[in-house]
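Trainee: 3D, please:
(one chain, ligands or ions: 1)
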Amino acid sequence: MKHLIESQQFNQKSINKIFNLADKLEKKTDKSLNGKIMASLFYEPSTRTRFSFESAMLRLGGSVITTENAKEFSSAAKGETLEDSIRVINNYVDVIILRHYEQGASQRASLVSNVPIINAGDGPGQHPTQALLDLYTIKKELNKIDGIQIALVGDLKHGRTIRSLSYLLGKYKKVHIYFVSPLGLGVGTDIKEYLDKHKIIYSEIDSLEKIISKIDVLYQTRIQKERFKDEQEYLKFKGCFQIDLDLVNRMKTKSIIMHPLPRVDEILMEVDSSPKAVYFKQAKYGLLVRMALLKMIIKK
Ligand code: CP
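Mentor: Modelled structure (predicted):
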């Protein structure tokens, strides 16, 4: 694997390799990236992805150069193209972690980059490292991926984590995906076509009530305010599908609630103390998965 652009690049074998390495890195100190440099080039805001990648690189003995608002603080503000910025940064680092507001930006960057590009989210496109840590969380918490029933909830139209996770779930057996969204924010046809091709069972519904007692994973997402053309359109959907304790108490004993975060109001804080709420643990698993990815992708 040279560049990490989309979830479709992976198969079960490569996913297992990443997860096994993540398990090992949790237990053992590893400084094998000493002398290597990572650039985190973020054109869109981030807390988890940027900090966890930077922490992962530092924990592995490497160094980090970073810009947290490349749109304003890099030469993009003077009109430099993404491609030119990537060509230049290539001279300074061994890997580039790229978050960009345009779908397809990481793919474009990879075409001109000699060092690996890792897609850390490209607009409403994909967020493959998030999907890997999501899957790792499911495996760690439920001890299985095959056969799970999972509800993907919220803004499925704009959510890049939904797209990337759906593609990964499509690689497992007997998974049933419930896409739960309000009318107008449903999942894209590209995902449905992929799931059909891989014979994954899915249903599109507009209520959690009917399925809440049978799912293993409730994967909640934020309504992506920044992807709407105007505030009025966003306000039509704000506050739909709020998860409260009453709903959580109707879930199976051994089930989990996940969220890629950040959350706004779609999971009430009263849920945080439930043992089913694993979204903060999920963010912690992200560090291990990203350590594994950096170790595998950076040339020694
Ligand atoms: N889940 C996620 O991508 O979070 P950030 O936007 O904070 O990186």
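
Trainee: Could you use CA atoms for every contact and neighbour count after this?
Mentor: Noted.

Trainee: Pull up the gap between the residue of the stretch 51-200 of the chain found nearest the ligand and Lys210, please.
Mentor: Here the residue of the stretch 51-200 of the chain nearest the ligand is Gln130; by C-alpha to the nearest ligand atom that distance is 6.4 Å. Noted for Gln130: a distance of 28 Å to Lys210, by C-alpha to C-alpha, to the nearest Å.

Trainee: Neighbour count for those two, which is higher?
Mentor: Per other C-alpha atoms under 10 Å, whichever of Gln130 and Lys210 has more neighbours is Gln130, with 27 against 9.

Trainee: can you pull the pLDDT of the more buried one?
Mentor: At Gln130 the predicted local confidence, pLDDT, stands at 98.

Trainee: Start at 378, not 1
Mentor: Done: numbering now begins at 378, and the last item shifts to Gln507.

Trainee: Skipping its backbone neighbours, what lies nearest it in space?
Mentor: The shortest distance from Gln507 to any non-neighbouring residue, by C-alpha to C-alpha, 6 or more residues apart in numbering, is to Thr538 (6.5 Å).

Trainee: which residues sit in contact with that neighbour?
Mentor: The neighbours of Thr538, taking C-alpha atoms under 8 Å, 6 or more residues apart in numbering as the test, are Gln503, His504, Pro505, Gln507, Ala508, Pro637.

Trainee: Quick one: classify it as helix, strand or coil.
Mentor: Here Thr538 is recorded as helix under DSSP: H, G, I helix; E, B strand; the rest coil.

Trainee: Lys576 too?
Mentor: Lys576 - assigned by three-state DSSP - is coil.

Trainee: tell me which element the residue of the stretch 428-577 of the chain closest to the ligand is part of?
Mentor: Element membership of Gln507, judged by DSSP states H and E, is helix 505-519.

Trainee: Please identify, among the contacts of Thr538, the one with the most neighbours.
Mentor: The contacts of Thr538, ranked by neighbours (other C-alpha under 10 Å): first place Pro505, 29 neighbours.

Trainee: Who are the contact partners of that one?
Mentor: Leu381, Ile382, Glu383, Ser384, Asn496, Ala497, Gly498, Thr538, Ser541, Leu542.

Trainee: for Asp532, same thing?
Mentor: Applying C-alpha under 8 Å, 6+ apart, the residues contacting Asp532 are Ser558, Pro559, Leu562, Gly563, Thr598, Arg599, Ile600, Gln601.

Trainee: quick one: which of those is nearest Phe396?
Mentor: Nearest to Phe396 among those is Thr598, at 23.7 Å by C-alpha to C-alpha.

Trainee: picking that back up, which parts of the helix holding Gln507 are buried?
Mentor: Neighbour-count burial for helix 505-519, counted by 16 or more other C-alpha atoms under 10 Å, picks out Pro505, Thr506, Gln507, Ala508, Leu509, Leu510, Asp511, Leu512, Tyr513, Thr514, Ile515, Glu518.

Trainee: Give me the spatial nearest neighbour of Ser452, chain neighbours excluded.
Mentor: Nearest one to Ser452, counting by C-alpha to C-alpha, 6+ apart, is Ser462 at 7.7 Å.

Trainee: Provide a list of residues in contact with Ser429.
Mentor: Counting by C-alpha under 8 Å, 6+ apart, Ser429 touches Gly663, Leu664, Arg667.

Trainee: could you redo the last one with a cut-off of 6 Å?
Mentor: The neighbours of Ser429, taking C-alpha atoms under 6 Å, 6 or more residues apart in numbering as the test, are Leu664.

Trainee: where along the protein do the helices fall?
Mentor: 389-404, 425-436, 447-450, 459-466, 482-489, 505-519, 537-546, 566-574, 608-614, 622-625, 656-674 (DSSP state H).

Trainee: ranking the ones you listed by burial, who's on top?
Mentor: Comparing the helices of the chain by mean neighbour count (mean count of other C-alpha atoms under 10 Å), helix 537-546 ranks first with a mean of 24.

Trainee: Could you check the angle that helix makes with helix 505-519?
Mentor: Relative orientation of helix 537-546 and helix 505-519, computed by axes from the mean of the first three to the mean of the last three C-alpha atoms, to 10 degrees: 60 degrees.
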